[in-house]
Every structure is written in C-alpha cells, then in structure tokens.
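Engineer: Pasting the sequence and the predicted model now:
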Amino acid sequence: MADQVLCFTDRGIYCPAGDFHIDPWRPVDRALITHGHADHARPGHARYLATEPAAPVIRHRLGEITLDTIRFGERRRIGGVTVSFHPAGHVPGSAQIRVEVGGEVWVASGDYKLESDGLSEPFEPVRCHSFITECTFGLPVFTWAPQAQVAAELNAWWRDSVAADRTPVLGAYSLGKAQRLLAMLDVEIGPILTHGAVETTTQVLRDQGLHLPRTHHVTPELDPKDFPGALVLAPPAALGSDWMRRFGAVSTGFASGWMRMRGVRRRRAADRGFVVSDHADWPALNRTIAETGAENIYATHGYTDIFARWLRDQGYNASVVPTEFGSDDAEDGSA
Amino acid sequence: MKSFAALFNAIDRTTRTKEKTAALTAYLREVPDTEKLWTVALFTGRRPRRAVTTTQLREWAAERAGLPLWLLEESYPIVGDLAETIALILPPPGRATDLPLSHWIAQLQRLHDLPPEARKDQILDAWDQLDATERLLFNKLITGGFRIGVSQKLMTRAIAAALGRDEAEIALRLMGKWRADTTTWHALIEAEDAEADASRPYPFYLAYQLDAAPEDLGASDDWQAEWKWDGIRGQLVLRGGTHHLWSRGEELMTERFPEFSRALDFLPDGTVLDGEVLAWDNGPLPFGTLQKRIGRKTVPKKLLAEVPVVLVAYDLLEHEGRDMRAEPLSTRRAALDDLLDQTPAEAPLRLSRPIAFDTWQALAEIRATARDERAEGVMLKRLDSPYLSGRKKGDWWKWKLDPLTVDAVMIYAQQGHGRRANLFTDFTFAVWSGNQLVPFTKAYSGLTDEEFRQITVWVRKNTQQRFGPVRQVKPHHVFEIAFEGIHASPRHKSGIALRFPRMSRWRRDKPLDEANTLDDLKALLASYG
C-alpha cells in the first residue's frame, strides 16, 4: 500500500508522497477538500485546500479554519507530488482531485455529475491511470431524464398545487440541490420562499457571483398570506416539521436521485418525488470511467460491490474502497 | 393504457384516502366498462393467466437492456419489485401508442397459443411502445400484485360514488370468485337481478386492538367475552348444497381443508358461519401444528389424520337463507347456539363459547390464563351490535395478552427492499449457549425509521464478514424481541421457532452478556409450546 500514489486508511484517502488526505473523516494535518458537503468537508483539520469557488461555503460551514485556495487547473507541488483540481459538476466549486507522482496519475472523483446544471462548473474528464470513483447510483436502474423535462414536471406541480389551494413545499439539500432547483423553477408562477438553512447557503453563493432568482427568507415575522401562489424551498428535515405548519394546507415534494425508486418515494411519504440528482447516473458513470482511460478503478460511496463486479466484467481492474460512512446518509445528503 | 397509468400515478402519489377515492371515482366515470372491469379485477388481486414466467421476463429484459442477467438480479432486491426493476432498466421506448388496458390483457392471454419465441417478440414489442409507468403496469399484469394502497373499502366507496349505488351492496358483489374474463361489468355490478353467487361470502368485520382499559368500554354486562383463538379467520358458506370456506384475505380455502365437506351433514343449507379454523384434538393445538396444513393445497391422508381441523364458530351471518347481519349479536348468538349445540364430536364444527364474567376485573384475571387455553387473549363484542364490514371502531375489540419477550443479540443484518431499500432492516438474532451465540430468529419490524437509520450507519461500520447480501456484524447490540408464541422446530438450528417475532425495544442499556440464553428459550418452550 505504501507504494501507491493514493491509499485507503481509516482516516480516508491518503497520499504518502505528499503527506495529505483527501476528504478525510477524522482530523488530519493537511486535507484536500473536493467540495463543501458535510460528508466531504469535516471540521478539525489543521490545514485545508479547496477551489476558490468552493471556499466561501466551506468557510461558512466550518467557521475559523486555515483554508488555502487553488484555481481550477492550477498545478501545485505538495512534497514530491503535483496536485490539481478539475471541475466535477456536482455543486458550484466542486472538484475532482488529480495527483501525480513520477508520471503516475491518480484522480479522486469526489461526487460528480455530467449534465450541466447552469450553475456548477461543467464536468471535465481527466485522463489518469487510476480513478477513484463514487458510485452512489451505480446500478442500471438509475438513469436521469434531462433537466428541462424534470423542470416542467416541477413547475406543473407548483401550478397544480396552487390551483388546489395547497402550498407546495419542496425538500432539497441546502447546498447545491436547492440552488439548482431555484434555477429550474419558473418565477412567473409565483414568489419563492426559503427556509433559513437554504437561504443562508444561497446567499453565500450569490455573494460569489452566482445568478439566482429572488427568494424571500421565511422569518417568524413573515406572513405566508402575503405571498399568494408561493412555493417553499426547505431542507428535507423541515418536511413534516412544526416549521411547516405556518403554510396551512401543503403539498410536499422531494427532489433526489433516490426518487427514481417507487419504494423510496413511498417511504419518504412526500406527495411528489422528483428525480433530480447531483450525482452521475449509470450511463454517466460508465462513460466517465471510459473517458479517463484508467485501468484501475476504485469504487466508493454506493453500490460498490455490484459496480466493481460490473467493471471487472468490462475488463477493468476494479476494486472496492473501504469507506466509513459516519453519519452520512446519502439519501438525506447530496443525492 | 395512458388513462390507467394516470390513475395509477394519481393514487400512488398520495397518502390521502380522499384523494385516492376521488381519482378512482373520476376514472370509473370516464372509461368504458371493459376497462372498469379489469381495473377492479386487478385491484382485487385478480390477474390474467400468466403467459410467461418471471425467469423469461428477467432474461428478455436483461438482453434488451444489454446487461448481464446477474446485474438485473442484483438490482431487483434493491428496487424491491421485479416489474419495476425491469421497467427501469429497459432503454426508452422507440414509439408511443395508447392502447387500452383491456387490449394488453387480451394480448397477454393470447400468448398462451403462441410458441415461446413469438411470446418473446410480443413482450419486447410491448415494451418498445410503453413509457416507464405503463411498462411497470404491463409487467405487473404478468408478475401480479397491484399493491398500491387501494383497499377493498376505498374501491367499494369509489364504485358506489361513481354509480350512485349503495356501498354495502357493491361490497357484497365484489366478494367471491368472479373472474374478469368470464363476467361483464354489467353482470358483476349493475344487473338488477343478478343471481347471487352461491359461493359469495360477506365482507368480514375486523376488530381493533384494545389499548385502553376495558373499563372505558362502559358497563361490563353490555359485552360478550370469548377467547381470541390463534388460527385462521374463516367464513364457511353453505348454500345450494355446496360449501365454500373463505379466508379473511378472500382466498378460497375449500380444497385446503376437506374436513368441511361434511359440514352440510350437520347444518342446514342457507347457513353462513364466521369463525376460526384451528387444528383440533380435544381442544386447540398450537398454531405451529396448524401451519403444517396451511401451505398445502392438497392434503395427504396421513397429515389429515395427524392434524385435523375444525371451525370454531363465533358468529352467524346467514340463517335459513336470511342475511342476519343487521340483527344484534345477542340474537345471532342465540341462533348460533341452537345450530351448533347438538352437533356431534365428529362434526368439523365447534362453538366458541362465551366466557362468563361479572366484572372487568374478573375478566382480566381470566384473560391472564389465555395461554393455558392456547388463546391469544380475549375478544370483546358489544351484545347489541350488528355485524359491520371492514375494520370499524367501537363494537369489536381484541384484548390480547402481552407478548412474550427475550433479550437477544443482533448477529447478521441485511438490507430491506422496496420501501426500505438502502436501510438495514432485516436482522438475525441470537441467544447465548455457553459462550456461543446461537441464532434463533429473524425480525424485520418494530423500530422507528430513525432507529433503522442509526442501526444502518452502525452496521456499515461494524461489518465483520459478508455473505452475499448478508453481513455478519460485531455482536454488540441487544434487542428485546417480542413474540406471540413459541414452538419446537427441527428445521432451526436452535430447535425453536417463534410466532410474529419483532423488535419491541432497542436495549441500549443492556450489556451483551446479559442477553437471554438458549435455556431460557427452552423454558419458555416448555411452558407455552
């Protein structure tokens, strides 16, 4: 293991030649962070390195940390290693991390998606010898419809709910998914109200120059009656909570890749499930792996056993990365 | 198929009964009679004859999707539904059509006359012109099981509303062994003088669990008490010189229990009894004994002699050809007593005798002895109540004994499927035998969604070994397992089997070595088995 460019330890992905970790889940000296989601950017590290557009959210979430930034594509030496960050298309600022030691190239994908959402820097495939890929949705049952089609469903639901005198409340993770949905919503239908968790993250991203529609933060003083025809955007945990009561009769919606499965839609007990994911679907995973040109594939996060077996069938040298999931529940997180 | 798919989506999307009923009512007002008939048939579990096997479906779907079969097989338990798995992996359709539901059913029925290769061509051709929801429904026509939260009650209400008819009458018409391909909507639902099907049972009345104190029910002398038997609920219909035995799930059990062919020797034609099918030998035998009979469609002579069954009757729904359900329980019981009091011991019929009691307190003491009677507790029924249909609160209560419990150690975990895909929900539990942990039961239910989420995170971190989908986990967590009965079972390593095991509590307070032992279980077996 010690000879590998990247290896897998009980703290996460480790680079011995550069003495740093990627998205570690226990405190380390130097952490390279792919993006700001809680299961990737954890507190307690001595030094952080992330892309410039990922930094504001990470600072906002982790508070006073020692955070250095890097531009997409910029090459930097750490010990005997050259590292660079490349767009992963997952959320604004999210990166794949390329690590090169003596001509051997590894890439850790972090989370990624191929379809352009209009906000995140579009995904770029990176040629490498070894590719550590997420496979949250690494089963052939997961294929996503084009964003425009889901946007139409979403807006139809908004209109129908208003017509039925119900306030649509849409649950979505506050970093990435929420802003993507904002961009998909048709503001001609009505105003958009936001839960505090969504609003603050949205504001951080607006401040760094992202163009997003106007939202109204739901404070105790705000009277929903002043916003007829509104749609409410809130984190998943707010669905069904006391906080939601102020809107009276509601229709709840939830946006996630897991909504592709009827069983999960039913467990969610939301009125509507919308299949919107910030992760690669099955065709995108396979296409990406082919485009990296990598021979060695390490599957992490998701249906790793099944996905690795499929890749071995396709002639790759594929194996499973042992992952400690901590409190991460992909379904409640960024999926 | 588009209007049926739209109906399915409308029902599947909501958990509100009112919205489901409204969607179904509107649909029934819109579509032609053949579509109505098949929709109602499918929602009551009646499906067309199976023309292709699920094995063939899997193979054809994998081939069409360009995937190895094993990958479909691995995806299936995660999705939790074969029809859906296939609908999800197939490539998008090449063309769009809108042929009615009855067209697809007729086409499936014609497949029987075709050679296998032609069947395959037709299925592939169907997949190529249906969208995702339509494909799911088409596949369901073959695999069966339209479980989409449409209860019999909901459907009855929607049909009654769509036609402006009485709910009770519709409920009665939907019971029994009709088939969509041998009847018409008119004959089933509308025909004024439709000859009542001699086999047709009445909708069952279902009791609620009594959670409060019985004192809350009012004066004890308004109530009848009897044992709550641990068998299979059954309705024995004797009409037109024939007999039919129905389960609560509206399954015809006549052939499974040939004992009842003799019922007409002892009871007059025009009699319908509600009661409990029990294995019986001078008294009820344990449920585990009855289980030997349940799975068998045809019964070997030896088993028939070893495990004879009777109907322990507790209600009379039809007497001398007259519907008795509107009569008060006291009247129905008096007539039932008269009918059954004189039947000889060889008759497959027993009377569920009321328990005499003066006060609620006295009844509570009698209830405590239920296990000695091989009963699960007592039933309370209001003496002046009519026989209602479905689960309605107020007149019938089941007052069960507290379950038996043991504290056990979780040793294996497996992910759930369907609604619980991605969560570890299926666990194997063990008790101590010396310093060994011996598995003795599985349990799937009883925890909250939040607890399942917590244990899922723990299982991921504490997996010691994988056997396919099963993970061996570090012995650490103790759960209280509640169950209704215990019996000896040579098929299980521990030698025992439990009835209705579930997790009643997560004993985070309990250290591993304080879990129960195999000897504790054997002691329970000796007392209650």
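Structural biologist: Okay, I see it.
Engineer: Tell me how many other residues crowd residue 146.
Structural biologist: You didn't pick a chain, so chain A it is. A:Pro146 has 9 neighbours, counted by other C-beta atoms under 10 Å in any protein chain shown. C-beta: built from backbone N, CA, C; applies to glycine.
Engineer: To clarify, I was referring to chain B.
Structural biologist: Neighbourhood size, B:Phe146 [other C-beta under 10 Å]: 18.
Engineer: Over to B:Ile189?
Structural biologist: Applying other C-beta under 10 Å, we find 23 other residues in the vicinity of B:Ile189.
Engineer: pretty sure it contacts B:Asp166?
Structural biologist: No: B:Ile189 is beyond contact range of B:Asp166, at 11.7 Å (criterion: C-beta atoms under 8 Å).
Engineer: Need the per-residue pLDDT for residue 25.
Structural biologist: You didn't say which chain, so I picked chain A. In this model, A:Trp25 is scored at 90, pLDDT.
Engineer: wrong one, chain B
Structural biologist: At B:Thr25, the model reports a pLDDT of 95.
Engineer: what about dumping the CA coordinates of the helix or strand containing it to PDB?
Structural biologist: Using DSSP states H and E, B:Thr25 sits within helix B:17-30. Written as PDB, here are the backbone C-alpha positions of helix B:17-30 (Å, rounded to 0.1, in the frame of the first residue of the first chain):
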ATOM      1  CA  THR B  17     -57.600   8.300   1.200                       C
ATOM      2  CA  LYS B  18     -59.900  11.100   0.000                       C
ATOM      3  CA  GLU B  19     -57.700  11.900  -3.000                       C
ATOM      4  CA  LYS B  20     -57.300   8.300  -3.900                       C
ATOM      5  CA  THR B  21     -61.000   7.700  -3.800                       C
ATOM      6  CA  ALA B  22     -61.700  10.900  -5.900                       C
ATOM      7  CA  ALA B  23     -59.100   9.800  -8.500                       C
ATOM      8  CA  LEU B  24     -60.700   6.300  -8.800                       C
ATOM      9  CA  THR B  25     -64.200   7.700  -8.900                       C
ATOM     10  CA  ALA B  26     -63.400  10.100 -11.700                       C
ATOM     11  CA  TYR B  27     -61.600   7.300 -13.600                       C
ATOM     12  CA  LEU B  28     -64.600   4.900 -13.300                       C
ATOM     13  CA  ARG B  29     -66.900   7.600 -14.600                       C
ATOM     14  CA  GLU B  30     -64.700   8.100 -17.700                       C
END
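Engineer: Can you spell out which helices and strands pack onto that helix?
Structural biologist: Applying 3 or more C-beta pairs under 8 Å, 6 or more residues apart in numbering or on different chains; DSSP states H and E, we find helix B:17-30 packed against helix B:2-13, helix B:33-43, helix B:152-163.
Engineer: 7 Å instead, please
Structural biologist: helix B:2-13, helix B:152-163 (3 or more C-beta pairs under 7 Å, 6 or more residues apart in numbering or on different chains; DSSP states H and E).
Engineer: and it, how far out from the chain's middle?
Structural biologist: Put simply, helix B:17-30 sits 25 Å off its chain's centre (C-alpha atoms, centre = their mean, to the nearest Å).
Engineer: Name the nearest residue to A:Gly196, sequence neighbours excluded.
Structural biologist: A:His217 (6.6 Å; C-beta to C-beta, 6 or more residues apart in numbering or on different chains).
Engineer: meant to ask about B:Ser247
Structural biologist: That would be B:Met253: by C-beta to C-beta, 6+ apart, it lies 5.3 Å from B:Ser247.
Engineer: give the contact list for the one you found.
Structural biologist: Counting by C-beta atoms under 7 Å, 6 or more residues apart in numbering or on different chains, B:Met253 touches B:Gly234, B:Leu245, B:Trp246, B:Ser247.
Engineer: count of neighbours near the last one?
Structural biologist: If you count neighbours by other C-beta under 10 Å, B:Ser247 ends up with 17.
Engineer: now swap in B:Thr85 and tell me
Structural biologist: B:Thr85 - counted by other C-beta under 10 Å - has 26 other residues nearby.
Engineer: confidence score at it?
Structural biologist: pLDDT at B:Thr85 comes out at 95.
Engineer: pretty sure it is in contact with A:Pro140, am I right?
Structural biologist: No: the pair B:Thr85 / A:Pro140 is not scored as a contact, 9.2 Å apart, by C-beta atoms under 7 Å.
Engineer: shared neighbours of the two, anything?
Structural biologist: Common neighbours of B:Thr85 and A:Pro140 (C-beta under 7 Å, 6+ apart) are B:Ser75.
Engineer: Spell out the residue ranges of the helices in the stretch 151-300 of chain A.
Structural biologist: Taking DSSP state H, counting those that start in this stretch, the helices of the stretch 151-300 of chain A run over residues A:177-184, A:196-207, A:262-268, A:282-292.
Engineer: which SS class is A:Glu64?
Structural biologist: In three-state terms, and counting by DSSP: H, G, I helix; E, B strand; the rest coil, A:Glu64 is coil.
Engineer: Same check on B:Glu318?
Structural biologist: For B:Glu318, the assignment made with three-state DSSP gives strand.
Engineer: What separation do you get for it and chain A?
Structural biologist: According to C-beta to the nearest C-beta, to the nearest Å, B:Glu318 stands 39 Å off from chain A.
Engineer: Skipping adjacent residues, who's closest to that residue in space?
Structural biologist: Per C-beta to C-beta, 6+ apart, closest to B:Glu318 is B:Val272, 3.7 Å.
Engineer: Which strands and helices lie in contact with the host helix or strand of the one you found?
Structural biologist: Take DSSP H and E as the rule and B:Val272 turns out to sit in strand B:271-279. The contact analysis (3+ C-beta pairs under 7 Å, 6+ apart) places strand B:271-279 against strand B:232-239, helix B:287-294, strand B:309-319.
Engineer: And for whatever helix or strand comes next after the second one, what's in contact with it?
Structural biologist: It refers to helix B:287-294. Per DSSP H and E, the first helix or strand lying C-terminal to helix B:287-294 is helix B:301-306. Residues outside helix B:301-306 that contact it (C-beta under 7 Å, 6+ apart) are B:Lys292, B:Arg293.
Engineer: Return the set of buried residues in helix B:301-306.
Structural biologist: For helix B:301-306, the neighbour count (16 or more other C-beta atoms under 10 Å in any protein chain shown) marks no residue as buried.
Engineer: How far away from the center of its chain is that helix?
Structural biologist: Worked out by C-alpha atoms, centre = their mean, helix B:301-306 lies 26 Å from the chain centre.
Engineer: For it, C-alpha coordinates in PDB please.
Structural biologist: Extracted in PDB, the C-alpha atoms of helix B:301-306 (Å, rounded to 0.1, in the frame of the first residue of the first chain):
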ATOM      1  CA  LYS B 301     -54.200 -38.700   4.200                       C
ATOM      2  CA  LYS B 302     -51.600 -39.100   6.900                       C
ATOM      3  CA  LEU B 303     -51.500 -35.300   7.600                       C
ATOM      4  CA  LEU B 304     -55.300 -35.200   7.600                       C
ATOM      5  CA  ALA B 305     -55.300 -37.700  10.400                       C
ATOM      6  CA  GLU B 306     -52.400 -36.100  12.300                       C
END
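Engineer: can you list the residues of the stretch 1-150 of chain A near chain B?
Structural biologist: By C-beta under 7 Å from any C-beta of the partner chain, the residues of the stretch 1-150 of chain A that approach chain B are A:Leu139, A:Pro140, A:Val141.
Engineer: Format those residues as a markdown table; extra columns: secondary structure, neighbour count and distance to B:Lys442.
Structural biologist: Formatted as a markdown table, the residues of the stretch 1-150 of chain A next to chain B follow (DSSP: H, G, I helix; E, B strand; the rest coil; neighbours: other C-beta atoms under 10 Å in any protein chain shown; distance: C-beta to C-beta, whole Å):
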| residue | secondary structure | neighbour count | distance to B:Lys442 |
| --- | --- | --- | --- |
| A:Leu139 | coil | 27 | 25 |
| A:Pro140 | coil | 24 | 30 |
| A:Val141 | coil | 22 | 26 |
